[in-house]
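> one predicted model, sequence on top.
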Amino acid sequence: MTSFVLKRLLGLVPTLLVIVVLSFFVIRLAPGSPFSSERGLPPDVRAVLDARYGFDRPMHEQLLSYVGKLLQGDLGLSTKYPQRTVNEIIADGFPVTLALGAVALSWALLLGVGAGIIGAIRQNSWMDHAAMAAAMIGIGLPTFVLGPLLILGLSLSIYLLPPAGWGSLRHVLLPGITLGTAYAAYIARLTRGGMLEVIRADFVRTARAKGLSEVVVVRRHMLRGGLLPVVTFMGPATANLLVGSVVVEKIFAIPGIGPYFVDAAFNRDYFLVMGIVVLYSVFLLVMNMLVDVAYGLLDPRVRYE
Amino acid sequence: MAGAALRVYTANSELVGVKALDDHTLRVRLETPLPYLLDVVSFYTAMPVPRHVLAGLSARGIHEDLWTRPEHIVSNGPYLVTEWKFRQRMVLEKNPRYWDAEHVKLNKIRMAMVESYNTTLNLYEAGELDYIGNSELPAEFREHLARFKDYRQAPYMGVYFFWLNTRSPPLTDPRVRRALSLAVDRMAMTRHVTRGGQVPTADLVPAGLAGYPGQNSPLFDPASARALLAEAGYGPGRPLPKITLSFNTSEGHEQIAEALQAMWSEHLGVEVELENLEWKVYLKKLELHDFQMARLGWIGDYPDPNTFLELLLRDNGNNHSQWSDPEYEDLLHRANRTTRRDERLRLMMQAERLAMAQAPLIPIYVYSRTEMKKPYLKGNWMNYQHRQMFGNWRIDERYYSGVPTGDADDPVPPVRESRPPMEAAP
């Protein structure tokens, strides 16, 4: 197992390098400059700015310089926010988005796994149909509809929770629920599907024949198999939360990293875009690796050399 | 571009006529009379940068740009920035060393930075914001919000217009350009499309700005427009070739563009194609003059007609029309060198008349701002340049014990003349 993990971590490096080089060139293909604005800059001011960020040097020099700094952990300067380095911007925003994502995922797992198990155990009963119907609605309802509905109901009509902002537990509930509900719906269906597959398996029949109570059967034997599809889903889901949080972060004025995904590209803020690309790539690759590890732990049939 | 020399400007008081005589006196020598000097000097681009702070940061190996952080910045206004959480909030606290500190009433002002207009409104409704002042209200709710006492609206010193690329046929003919301008129903535009209290205008300089009488040109004259087009040789037999109208992506701009397209089709039979571009791409095209008609909003830098008129000077980098006229340059030149007020206004009026007869741009409206302000916040008045005069703000204490019946006095302070006296007409 450890050798597996190590091999995957090492494999990260060349993948990341390819991503960095590709994105470096793709960003610069977009027309427009980070410094263009409504008022127009005199050419000599523009020249000074270009020099400060190194945009006047030949491409290969810029790339080498960027990779060099990247290896030292320096993601460069933001052109849109000159008082902040990219490291700072990401260090400020990423933990916020992570926290929001964690709350959303917890909500999603709680609601989703619960509903999925009930649906599977009481298959085709009214509880099953109700749970799955709710799941369909949850998947179909976009965050920019659910969010304002929750704000209207729980914040503006009765002041139970703040309508926006960040900084306390009360601030994180509404956005977390908004973001997590769609995932809860997917998880519910996946859990139910996975459980149903396992419910008729031989080893479950054996467990029941042994005289174990239903609760024990579910918890010790069925859950592992039932949760497999959920685990597979977790990898891309967590990574997706980083991007999916853009709308929620805008609605609830949360200072996370979500808005930068789009804004940095709009502003041609090259270093910030690169920084986010690097962040997202690392996160995605690591999450996928963790999913594979979890898979190996959950399913005794899977063995890694 | 390795090896290209960068011209770096280092100013000293011999080259530039600015000299600090002592700790409290700055002497500025002008080449020409500048009636709006005090307005220029108080504009944020003229604020002094504390060189000692930058040098200090540099010496400690800290990036110089960080001088604007609360712990480094030097300011002398009624409030000091004590906290700045990036993209979240800024906290201002009363500056004890302000020259007028005894008249500053509020101890603390917390500014929330919110991107979405709807979220801002939600926060205001929930009572977490007292003033939506530096943002806008969601356009869909403006009519609804206008019924509340919190709502206020006032014109803002900026003009929304469309540049016409005078080197791109058929816009090379000034009659065609004037025709297009006359065929815009500006009243309908502000009343039905933008609906935000904007003032329709067919002129570059807003009337009334610093005593400027304004041209008050007709806002809509489709008959004259058609006559001009005919004079230029276009008509049913020879229709005007298709013209492209470019704008940067935004719902508001799109609605205006679509309305214009409909107006020009209806009144002139002109086919206009819309081009919706992303902001940076749009700017690039403006820069390269790769457009025919392109929208822009120009906010004046100082309260004087010159801030709008100088847009049409030949060497102004923001003049995207590629139009210039030596007589226009001469008129403005003379206007900015006379010390006689009436003469100055007369010359500027003449210059604007000359320019607008050539129609290098099509003005649509003068901007307007909409705000929500709780009734207990006093000393906060809307102004043409939208300056937030924090030092005047205060809370009406009666509201601490409930909503009072009458409204308290909130007199606007007397206006202090910020211009040096100019000679009156003989």
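It's in.
> next, the buried residues of stretch A:137-152.
Within stretch A:137-152, the residues that count as buried by 16 or more other CB atoms under 10 Å in any protein chain shown are A:Gly138, A:Ile139, A:Leu141, A:Thr143, A:Leu146, A:Gly147, A:Pro148, A:Leu150, A:Ile151. The C-beta positions use only the backbone N, C-alpha and C, and glycine is treated the same way.
> quick one: that stretch near chain B?
Yes: using CB under 8 Å from any CB of the partner chain, stretch A:137-152 reaches chain B at A:Pro148, A:Ile151.
> list of residues touching that stretch?
Residues from elsewhere that reach stretch A:137-152, judged by CB atoms under 8 Å, 6 or more residues apart in numbering or on different chains: A:163-164, A:174-175, A:177-179, A:181-182, A:184-186, A:188, A:244, A:247-248, A:251-252, B:118, B:122.
> rerun at 7 Å
A:163, A:174, A:177-179, A:181-182, A:184-186, A:247-248, A:251-252, B:122 (CB atoms under 7 Å, 6 or more residues apart in numbering or on different chains).
> quick one: terminal-to-terminal distance for that stretch?
Using CA to CA, to the nearest Å, the gap from the first to the last residue of stretch A:137-152 comes to 19 Å.
> average model confidence for that stretch?
Stretch A:137-152 carries an average pLDDT of 90.
> and it, how far out from the chain middle?
Taking CA atoms, centre = their mean, to the nearest Å, one finds the center of stretch A:137-152 at 19 Å from the center of the full chain.
> ok so, going back, check the contacts of stretch A:137-152 and tell me the two furthest apart.
Pairwise distances across the contacts of stretch A:137-152 peak at 28.5 Å for A:Tyr186 and B:Asn122 (criterion: CB to CB).
> want to throw the buried residues of stretch A:137-152 into CSV with secondary structure?
Shown next, in CSV, are the buried residues of stretch A:137-152 (DSSP: H, G, I helix; E, B strand; the rest coil):
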residue, secondary structure
A:Gly138, helix
A:Ile139, helix
A:Leu141, coil
A:Thr143, helix
A:Leu146, helix
A:Gly147, helix
A:Pro148, helix
A:Leu150, helix
A:Ile151, helix
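> which residues of the stretch 201-350 of chain B lie near chain A?
Residues of the stretch 201-350 of chain B found near chain A (CB under 7 Å from any CB of the partner chain) are B:Trp279, B:Lys280, B:Val281, B:Leu283, B:Lys284, B:Glu287, B:Leu296, B:Gly317, B:Asn318.
> so where does the third one fall, helix or strand?
Assignment of secondary structure by DSSP states H and E places B:Val281 within helix B:279-287.
> what's that helix packed up against?
Applying 3 or more CB pairs under 7 Å, 6 or more residues apart in numbering or on different chains; DSSP states H and E, one finds that helix B:279-287 contacts strand B:243-248.
> check the stretch 201-350 of chain B for the residue nearest chain A and tell me.
The stretch 201-350 of chain B approaches chain A most closely through B:Lys280 (2.9 Å), counting by CB to the nearest CB.
> surely that residue touches A:Ile27?
No: in this structure B:Lys280 lies outside contact range of A:Ile27 using CB atoms under 7 Å: 11.7 Å.
> find the centremost residue of chain B, please.
Closest to where the C-alpha atoms of chain B average out (CA atoms, centre = their mean) is B:Ile299, at 1.4 Å.
> after the strand or helix carrying A:Ile27, next one along is what?
Taking DSSP H and E as the criterion, A:Ile27 maps to helix A:2-29. Toward the C-terminus, helix A:2-29 is succeeded by helix A:43-53 as the next helix or strand (DSSP H and E).
> residues contacting residue 234?
The chain I'm using is chain A. A:Met234 is in contact with A:Val291, counting by CB under 7 Å, 6+ apart.
> please go with chain B instead
Neighbouring residues of B:Tyr234 by CB under 7 Å, 6+ apart: B:Leu240.
> just checking, it is part of a helix?
No: counting by three-state DSSP, B:Tyr234 is located in no helix; its state is coil.
> quick one: it from B:Arg110, how far?
For B:Tyr234, the distance to B:Arg110 equals 59 Å [CB to CB, to the nearest Å].
> neighbours around B:Ile243, how many?
When neighbours are defined as other CB atoms under 10 Å in any protein chain shown, B:Ile243 has 21 of them.
> just name the shakiest helix or strand of chain B by mean pLDDT.
In chain B, the helix or strand scored least confidently by mean pLDDT, DSSP states H and E is helix B:37-41, which has a mean of 84.
> how about it: buried residues?
B:Asp39.
> so what's the residue count around residue 27?
I'll assume chain A. Neighbour count of A:Ile27, defined by other CB under 10 Å: 17.
> think we crossed wires, I meant chain B
Residue neighbour count, defined by other CB under 10 Å, stands at 11 for B:Arg27.
> ok, the one 5 residues further on next?
B:Thr32 sits with 10 neighbouring residues when counted by other CB under 10 Å.
> what residues does residue 126 make contact with?
With no chain named, the answer covers chain A. By CB under 7 Å, 6+ apart, A:Trp126 lies in contact with nothing.
> should've been chain B
Residues near B:Ala126 by CB under 7 Å, 6+ apart: A:Ser155, A:Leu156, A:Tyr159, A:Pro162, A:Pro163.
> measure the second one to chain B for me?
The reference is to A:Leu156. 6 Å (CB to the nearest CB, to the nearest Å).
> do the same with the third one
Using CB to the nearest CB, A:Tyr159 is found at 6 Å from chain B.
> what helix or strand is that residue on?
Counting by DSSP H and E, A:Tyr159 is found in no helix or strand.
> compute the number of surrounding residues for residue 213.
Since you didn't name a chain, this refers to chain A. A:Ser213 has 10 nearby residues by other CB under 10 Å.
> my bad, the chain I had in mind was chain B
13.
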